[in-house]
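Participant: The following comprises the amino acid sequence and a computationally predicted model.
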Amino acid sequence: MKSRTLPVFSLLVIVALLLAACGGTPTTTSPTQPAAQPTEPESESQPTEPPAQPTEALAASEVPAGTEAPAATEASATGGNLIYVLPTDIASLDPHALIETVSGMVDLQMFETLLALLPDGSVGPRLATEWSVSDDNLRWTLKLREGVVFHDGEAFDANAAKANFDRILNPDNALPAVRVLAGVTEVNVIDDFTLEIVTQAPFGPLPFHLAHYSLAMVSPRALQEMTPEELAQNPVGTGPFRFVSYTPNESIVLERFDDYWGEKAKVDMVTFRPIPETAGRALLIETGEAHIAAKIAPQDVDTLRGVDGLHVDVNAFPRVIFVHMNESHAPLDDVRVRQALSWAVDREAIANDLLRGLAVPATGPVGSGVFGYSKTENYGYDPDRARELLAEAGVEGLTLKMLVPAGRYQGGEEAAQAVQAQLANVGVTVDLEVLEFSTLLQAIRKPAAESEWDLLVFGFIPATNDADWQVYSQFHCDSQAPVSNNFSYYCSEEMDALLEQGRFTMDQDERLKVYKQVIQLALDDAIQLYLFENTDIYAVRNNVQGLVYMPIDYQFLNTVSLSGGD
Amino acid sequence: MTARVKASGQPTARPGLGARLAEATTGRQALGRLLHNRMALLGLIIIVVYVVLAAFPSILTQHDPNVQNLARTLEPPSAEYRLGTDEFGRDVLSRVLHGARLSFTIAGLAVILGGLSGFAIGLLAGYFGGAVDTVLMRLMDVLLAMPGILLAIAVIAALGAGIGNVIIAIGIYNIPQFARLTRSTVLGVKTQDFVLASRSIGSSAPEILVRHIIPNAWGAPFVFAMLRFSTAILTASGLSFLGLGVSPPTPEWGAMLAASRGYMRLAPHLVLAYGLAISTLVLGFNALGEGLRDVFDPRTAR
Amino acid sequence: MLRVILSRLLQAIPVLFGVSLIVFLLLRLVPGDPVSTFYGFDVGRVEDLQAMRHQLGLDRPMLVQYVDFLADAIQGDMGTSIKTRRPVATELVRYLTNTAQLAVAGMIFAVVGGILLGLIAAARRNSIWDNLSLAISLAGISLPIFWLGLMLVWIFAVQLSLLPSGGRGDWHNLILPAITLAAPSVAVIARVTRASLMEVINQDFVRTAYSKGLSEAFVLLRHVLPNGLLPVITVTGIQFGYLLAGTVLTETVFAWPGLGRYLVDAIKFRDYPVVQGGVLVIALIFVTINLVVDVLYFLIDPRLHSEAAK
């Protein structure tokens, strides 16, 4: 009866709107093309040795052949804006105010520490050129580098270093960095470029502590003139990059600092983009909108490996995921029961099938890149033996409560579910509870008598990359929760003696031997149930050269350059 | 103004609808009309099918929803696993069906909890009026001034995750809606002759409430409860999607969807299966609700 | 009229007060505290934790903390985030801007889509167009928005590579989240539009217009739509509040740096000042929207005038 055009018209309008909205893009910005093309022929035609610092230093680095760029292009490769995708936003730009690796990664481009980690996991010079310890093992003397300036023009010297340490050590400031200086009683200026650090007791791991990013040097003028809130937003360091801008949850922009004392940055700028979504990070690198993407999720690896113009680096990451067994609760106080649980878990299946080969079965409590690691024999998968041991211990119909923090460890929740199913297989019922990290902390920071859980999925990476940081806090009697991280409430004189020996020994080779014994004892006593080591997965465009991974997940970006005019 | 239903994402009940709903809920006659409404029938069929399958998952699959087989993860649908397997090698179909059971439980109990509490509050506020009314309804305003899902998140943060707490969180978030609707209905009933008559012969307040007000005021909130089912299911799965719901390995749809989202490229059947499972059931409840509206609100009847 | 607005404004004060109290108490009841979360598992001394609690004033009596928070909040000072050590007020403004951007874009999709669908359905009552409109509406309120978002990403970002999958950038980044966010509102607006327009279409003046031989499009756009639009405006107001709330899930799916996601993260971290300030700001927005909607109701429904006069 009436015109039929109106509904058709309206629908057309909707369709047109949707099309305009969705389809308008490809002509203007086709993201895949520009980044991918120029690099391709270049890197394939000249597969030569990687430049200066080799990535081989890493245990499980997996760099496809032919992707390393030629060192020869270095001269033409200066400049450009390196876009680096971070897994989360940073917490602070004040290095003393944080203990958190993503912020550490960003801060380490602008700030420097007195000593620095080397790619092989040991410690080398940075703002300090040499160091030694007195005969009584209590006084450390550091020679500082001369000719270093901060981004605000201030000179770096012993007084500047002391100002930093004094700020951290002052209890009124309540700075997290103070934990890395635990045991340090005073810091003295000997002369303009000589600094003395005094510890309460002999402390072998100190060089590793001085390499921790939270002890980075901030300009003394900034420390004097700025409030803590201002310091958190205006980083002034000595590093190869200088701060430009920070937009929370969007970007952190840095530029090259031309007066840097060391190897000057090759790129003009670095832009960090925090993308918490794993799929989003994968997509940004896939489309060429970014050069480096950190913390690629295991499920995106297969897809990214099939994309031209980029490669996936799967690096060993020395975080071991394990299960604390609460020894204050019977029958977990019986070593046979703990061993039985250890035999009942199929680490290979968890690492290879569930986590798709992107985790490595653990050999013991300490991760493979950490100073103090040594290869040991972990428990295998033997459910029959587990059942025997349980029967021997007279345990039947055991029900355990297991806690796991939500979204804290890569593969943590999945592994917890697998462990639950595998323990059910030997007759142990596990009630699984996933808790927010903050809630979990509240639940476990309690003395043994108040603890209400039996199993706790836990992951640990020693922030200093020195085993002491981890094993002392987890195995020593004095470290029992709530004081520190000994959530298993484990206590043995033999272990305590070893841990103290590791701390008081100044010779680093001697310390290595001590930690080998520590690790073996932890396995024999089945203190914890060691599951797997995480890997740290990066996706990198092929035009990125000179990227060197550190054992803990950060890199120094001054060595990185971009080729192909990207 | 009084029957206004706040920001809820639901097609909102219009002022006065409550009263009409109450009049029309006269048993068999209404049911007959409902069955003749195609929309309502579609909704009912979907819901019944879900109920049957949730009660007897073995009709479609013999697999246990929690048994893992790490050697057979992320398999596409096959004769053995009709909807494929998930990242633990568990049967997806079985998890979908057990998930339906859980969704019915959570949504049902949450709506009952929120509905009964809201009904009681609305009843008291509407009947007694004055200070009681002011205090109770301002309290409801406070609850309404926080977005529902944030309120639920805060409640779960306080109580901890778990099925029971999810039910409480969604229940709380439903209280003010029911309270407002009930209050407006009660205001209408209160001034009717039989109530005034009863009051004039000296009946006590509890007596009037039980004998006259409640029998005449429960209809609208009851029908509204039907409509709230879909929102409750969506909210529950949304909370689990944010990681604030049940503990694994409980097969909850939103939690499974969140977990499978990482495998969207490797195994798209997971995201599809869980998403369609939620959508279809919610569609069923919404269709039934739409049908109810058609039946009881002839002005907009189709 | 003015009296109604004033009385509603006065009623809003105790509501906001109540919200602030509930949030404050809820946060303190929640297990976990920001300082131990801040430190995590890393080796720490109990004294360090205590020192930080003291510095943040968390060791004071609860009542003192609450009164301080209120006094500062009234002056517009929301305190400093424990996690980032940045002023909460600045942070809130930034995230709120992002969320508002998303909500406004979503609202545009919702209004345009909803009115068009409703108009078609009303003009072609019981036709296939009406049924189609109904089907789209039902789908809109039935699909979980997080799933819809994932599907859109799957289709437009992963398969077709047409649009970015998430994050904030230029207007391309806005399209998928805005459509996702708008979906339930499209449905609601479409249904209300249909119902409202149908009442208008059946009225005498519309029949008169048709009898004059005016074209259907002209009658619908000039006579029907303007007269049936008031309820639509009202429901749109309500939906805007809903959109702001619904951003939590959308922001999570699309990694959109908005207020909802920021608050959820803050709740997880137990960042007290952020949660307190954020919820208060959201409540303020809700109360304002409700007030505007009430005023609109008042303007639309003449029966309320007499009620207010009583």
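Facilitator: Sure thing, it's come through.

Participant: Return the residues of the stretch 51-200 of chain C in contact with chain B.
Facilitator: Neighbours of chain B within the stretch 51-200 of chain C, by Cβ under 8 Å from any Cβ of the partner chain: C:125-126, C:130, C:134, C:138-139, C:141-147, C:150-151, C:154, C:158, C:184-185, C:187-188, C:191-192, C:194-195, C:198-199. For glycine as for every other residue, the C-beta is placed from the backbone atoms N, C-alpha and C.

Participant: Using PyMOL, define a selection of the buried residues within these.
Facilitator: To isolate the buried members of those in PyMOL, using 16 or more other Cβ atoms under 10 Å in any protein chain shown:
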select buried, chain C and resi 130+134+138+139+141+142+143+144+145+146+147+150+151+154+158+184+185+187+188+191+192+194+195+198
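
Participant: show me which of the residues of the stretch 51-200 of chain C next to chain B neighbour chain A.
Facilitator: Among those, chain A is touched by C:Val158 when using Cβ under 8 Å from any Cβ.

Participant: Contact partners for the nearest residue in space to A:Arg387 that is not next to it in sequence?
Facilitator: What sits nearest to A:Arg387 in space, not counting adjacent residues and going by Cβ to Cβ, 6 or more residues apart in numbering or on different chains, is A:Val426, at 5.2 Å. A:Val426 sits next to A:340, A:344, A:383, A:386-387, A:390 when contact means Cβ atoms under 8 Å, 6 or more residues apart in numbering or on different chains.

Participant: Please pick the buried ones from the residues you listed.
Facilitator: Of the contacts of A:Val426, these count as buried by 16+ other Cβ under 10 Å: A:340, A:344, A:383, A:386-387, A:390.

Participant: ok, those residues vs C:Leu119, which is closest?
Facilitator: For these, the residue nearest C:Leu119 by Cβ to Cβ is A:Ala344; the value is 65.2 Å.

Participant: A:Asn534: which element?
Facilitator: In the assignment (DSSP states H and E), A:Asn534 maps to strand A:528-541.

Participant: Tell me the helix or strand right after that strand.
Facilitator: From strand A:528-541, the next helix or strand downstream (DSSP H and E) is strand A:544-545.

Participant: in stretch A:475-495, what's buried?
Facilitator: For stretch A:475-495, by 16+ other Cβ under 10 Å, it's A:475-476, A:479-491, A:495.

Participant: can you list contacts of that stretch?
Facilitator: Taking Cβ under 8 Å, 6+ apart as the rule, stretch A:475-495 contacts A:324-328, A:444-448, A:451, A:456, A:458, A:460, A:472-474, A:496, A:499, A:518, A:521-522, A:525, A:527-528, C:41, C:43-44, C:46.

Participant: low-scoring pLDDT stretches of the chain, where are they?
Facilitator: Answering for chain A, as no chain was given. Low-confidence segments of chain A (pLDDT under 70): A:1-78, A:99, A:564-566.

Participant: ah, no, chain C please
Facilitator: C:1, C:40-46, C:167, C:297-310.

Participant: In terms of helices and strands, where is the residue most central in space within it?
Facilitator: Residue closest to the average C-alpha location in chain C (Cα atoms, centre = their mean): C:Leu244, at 1.6 Å. Element membership of C:Leu244, judged by DSSP H and E, is helix C:230-254.

Participant: quick one: is the next helix or strand after that helix near chain B?
Facilitator: Sequence-wise, the next helix or strand downstream of helix C:230-254 (DSSP H and E) is helix C:259-269. Yes: applying Cβ under 8 Å from any Cβ, one finds helix C:259-269 touching chain B at C:260, C:263-264, C:267-268.

Participant: Would you mind finding the longest helix in chain C?
Facilitator: In chain C, taking DSSP state H as the definition, the longest helix is helix C:88-123.

Participant: Check which residues of that one are buried.
Facilitator: Buried positions in helix C:88-123, judged by neighbour count with 16+ other Cβ under 10 Å: C:88-89, C:91-92, C:94-96, C:98-103, C:105-107, C:109-123.

Participant: helix or strand for A:Gly459, which one?
Facilitator: Using DSSP H and E, the element containing A:Gly459 is strand A:455-460.

Participant: As CSV, could you dump the C-alpha coordinates of stretch A:348-356?
Facilitator: Included here for stretch A:348-356 are C-alpha records, laid out as CSV according to Å, rounded to 0.1, in the frame of the first residue of the first chain:
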residue,chain,number,x,y,z
GLU,A,348,56.8,-33.3,31.0
ALA,A,349,53.2,-33.4,30.1
ILE,A,350,52.5,-30.1,31.8
ALA,A,351,55.5,-28.3,30.1
ASN,A,352,55.1,-29.9,26.7
ASP,A,353,51.4,-30.6,26.2
LEU,A,354,49.6,-28.2,28.4
LEU,A,355,52.0,-25.3,28.0
ARG,A,356,52.9,-26.3,24.5
